[in-house]
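Visitor: just the structure for this:
(one chain, ligands or ions: 1)
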Amino acid sequence: MKIIIKGNIVNPISRLKTEYFANQALVIENGKIIEICNLQDCEKKYYAFEILNFTDKYILPGFIDLHLHIPQVNQRARYGENLMDWLKKYILKAENDFEKLEKAEKSIKTCFNALIANGTTTAVMYNSYHKQATDLAFKIAEKSGLKVFIGKVMMDYFVSGEQFETTENSLRDSYDLYKKWHGKDNGRINYIFSPRFAPACSLELLTEIGRLAKKEGIYIQSHLSENREEIEQVLSKFFGFETYTDVYYKTGCLTDKSIMGHCIHLNDYEFNLLKETNCKIAHCPSSNFFLKSGVFDLSAAERKGIILGLGSDVGAGPSFSMFDVMKSMNYSQPFHILPQKSFYYATLGNAQALGIENTTGNFAAGKDADFIVIDIKKYYPEFEFSNIEDLLAYLIYLGHQGFVYAVYVRGQKIELLN
Ligand SMILES: [Zn+2]
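Guide: Coordinates of the predicted model:
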């Protein structure tokens, strides 16, 4: 496969810098990026290549979503509850329904189609606690062409008294799925161990996950310090731990391959534990807004040098669109965020949080050609801009699903599932 993609190329480099190449070409061979090249040179140099013309459109790296929940796709925008009540009232029931595979299949496909429609090419996802439904999510992921990290939710001990699975089943089922799927299709499909959050896990379960992390270097995702009531539950449930973060730290669940969602109410000591372990944060601003969980201390995390990225946290986050997540990130902070920075976090920054920045996240030579084609003129025919900051701000504040014209992973066009 040899293709030249003609268009306006937007390439994030760092938190402060995004490159812009007006009317140039992205050269792709066997799914990988060869170079960004100007039009005349490129047609001479790569005369045997097929040309795809996206003149007047923008070529961006595919978005990466660092945190979302597959079974919650149809539970978005459930109005008026805080985290714990929202979970009880809507979410746990919807996740229980994944017991029925037919129902699960519909929701999983709806979720994947929403990711594709919104230009997300890599997604990090929690499924329900069911082994079979998670196996099905992997099969659909394999077919979709998207890059994924999926985990069966682990929840062997809920503070409210329900038991969804035993500790033994939780560990065995997760391990089986990990062995079956992790690393498939040359690293496109990945397994991530997914203890829901400390209030839903026994100390034994977390300790075993920590042990496995040390032994096999697994990916882990969980939630940390999203809501005040949640923190109180953790501190009364786990005797002898001074902070919520200590529970994950002392069980070995904080590693350089762990991603903790939210991290809103952390103190300085807890931020230091994340830094010390090189654990990553998935910041989910639209979800935090929606459930009124609080405001993430972005400056503190950046000051400490903690690697973080952005997640939609669907269903608490109502939208799959990473444009919407970037916008919420700015709206929720007390200061302006440079558009380049929000864009970096939704692309290359998230790749770095996953340790996959050598294969995706921008258009450096040798990386996979994971990109989206954006059409602004369809909605704003008079759109003009004078610099990259203007262009990115336009995308962040006015961008939506309708902007996404086409989606490619490893140079292959991704189509909606039916
Ligand atoms: Zn979440």
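Visitor: just the helices in the stretch 1-150 of the chain please.
Guide: For the stretch 1-150 of the chain, the helices defined by DSSP state H, counting those that start in this stretch cover 39-45, 83-86, 92-96, 101-117, 131-144.
Visitor: please identify which of these is closest to the ion.
Guide: Nearest of the helices of the stretch 1-150 of the chain to the ion, taken as C-beta to the ion: helix 83-86 at 9.5 Å. Bear in mind the C-beta positions are built from the backbone N, C-alpha and C, glycine included.
Visitor: what about that closest one, near the ion?
Guide: No: figure legend: helix 83-86 not in contact with the ion (C-beta under 5 Å from the ion); closest approach 9.5 Å.
Visitor: output that helix in PDB with nothing but the alpha carbons.
Guide: Once non-C-alpha atoms are left out, helix 83-86 reads as follows in PDB (Å, rounded to 0.1, in the frame of the first residue of the first chain):
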ATOM      1  CA  LEU A  83     -21.000   9.900  41.400                       C
ATOM      2  CA  MET A  84     -22.100   7.300  44.000                       C
ATOM      3  CA  ASP A  85     -25.900   7.800  43.400                       C
ATOM      4  CA  TRP A  86     -25.400   7.900  39.600                       C
END
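Visitor: other SSEs contacting it?
Guide: helix 228-237 (3 or more C-beta pairs under 8 Å, 6 or more residues apart in numbering; DSSP states H and E).
Visitor: residue 175 belongs to a helix, doesn't it?
Guide: Yes: the assignment for residue 175 is a helix, going by DSSP: H, G, I helix; E, B strand; the rest coil.
Visitor: in contact with it, which residues?
Guide: For residue 175, the contact set (C-beta atoms under 8 Å, 6 or more residues apart in numbering) comprises residue 212.
Visitor: do you know the pLDDT at it?
Guide: On pLDDT, residue 175 comes in at 98.
Visitor: roughly how far apart are it and residue 220?
Guide: 13 Å (C-beta to C-beta, to the nearest Å).
Visitor: thinking again about what came up before, and the helices of the stretch 1-150 of the chain, which one is worst for confidence?
Guide: Mean pLDDT values for the helices of the stretch 1-150 of the chain show the minimum at helix 83-86, a mean of 85.
Visitor: near the ion, which residues of the stretch 301-418 of the chain show up?
Guide: Taking C-beta under 5 Å from the ion as the contact definition, the stretch 301-418 of the chain meets the ion at residue 313.
Visitor: repeat the analysis, applying 8 Å as the threshold.
Guide: By the rule C-beta under 8 Å from the ion, the part of the stretch 301-418 of the chain lying against the ion is 311, 313, 316.
Visitor: quick one, phi/psi of the first one?
Guide: Think residue 311. phi -130, psi 150 (degrees, to the nearest 10).
Visitor: who touches it in this structure?
Guide: Applying C-beta under 8 Å, 6+ apart, we find residue 311 in contact with 65-68, 124, 261, 282-284, 287, 317, 325.
Visitor: mind running it again at 10 Å?
Guide: Neighbouring residues of residue 311 by C-beta atoms under 10 Å, 6 or more residues apart in numbering: 64-68, 123-125, 221, 259, 261-262, 281-287, 317, 322, 325, 346, 350, 353.
Visitor: now it: closest residue in space that isn't a chain neighbour?
Guide: Nearest residue to residue 311, sequence neighbours excluded (C-beta to C-beta, 6 or more residues apart in numbering): residue 67, at 2.8 Å.
Visitor: correct me, but that neighbour touches residue 126?
Guide: Yes: using C-beta atoms under 10 Å, residue 67 makes contact with residue 126 at a distance of 8.1 Å.
Visitor: show me which residues of the stretch 101-250 of the chain sit near the ion.
Guide: 126, 223, 226.
Visitor: who touches both of residue 67 and residue 126?
Guide: By C-beta under 10 Å, 6+ apart, residue 67 and residue 126 have these common neighbours: 221, 223, 261, 313.
Visitor: just to revisit the earlier point, may I see the helices of the stretch 1-150 of the chain arranged in CSV, with mean neighbour count and distance to residue 200 as well?
Guide: Shown next, in CSV, are the helices of the stretch 1-150 of the chain (neighbours: other C-beta atoms under 10 Å; distance: least, C-beta to C-beta, whole Å):
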stretch, mean neighbour count, distance to residue 200
helix 39-45, 13, 53
helix 83-86, 18, 11
helix 92-96, 19, 10
helix 101-117, 19, 20
helix 131-144, 20, 16
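Visitor: output these in JSON lines; the columns should cover distance to residue 17.
Guide: Listed next are the helices of the stretch 1-150 of the chain as JSON lines, based on distance: least, C-beta to C-beta, whole Å:
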{"stretch": "helix 39-45", "distance to residue 17": "24"}
{"stretch": "helix 83-86", "distance to residue 17": "36"}
{"stretch": "helix 92-96", "distance to residue 17": "41"}
{"stretch": "helix 101-117", "distance to residue 17": "27"}
{"stretch": "helix 131-144", "distance to residue 17": "32"}
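Visitor: any common contacting residues for residue 175 and residue 220?
Guide: 193, 212.
Visitor: so what touches the helix or strand bottoming out on mean pLDDT in the chain?
Guide: When each helix and strand of the chain is scored by mean pLDDT, DSSP states H and E, helix 83-86 comes last, with a mean of 85. By C-beta under 10 Å, 6+ apart, the surrounding residues in contact with helix 83-86 are 75, 78-80, 91-92, 159-160, 197, 199, 223, 226-230, 233, 262, 287-288, 290-293, 315-316.
Visitor: one more time with 7 Å
Guide: Contacts to helix 83-86, defined as C-beta atoms under 7 Å, 6 or more residues apart in numbering, come from residues 78, 226-227, 229-230, 291, 293.
Visitor: the closest residue to the ion within the stretch 101-250 of the chain sits in which helix or strand?
Guide: Closest contact between the stretch 101-250 of the chain and the ion, by C-beta to the ion, is at residue 223 (5.5 Å). Following DSSP states H and E, one finds residue 223 within strand 219-224.
Visitor: name the helices or strands packed onto that strand?
Guide: Counting contacts by 3 or more C-beta pairs under 7 Å, 6 or more residues apart in numbering; DSSP states H and E, strand 219-224 is packed against strand 189-195, helix 244-250, strand 258-262.
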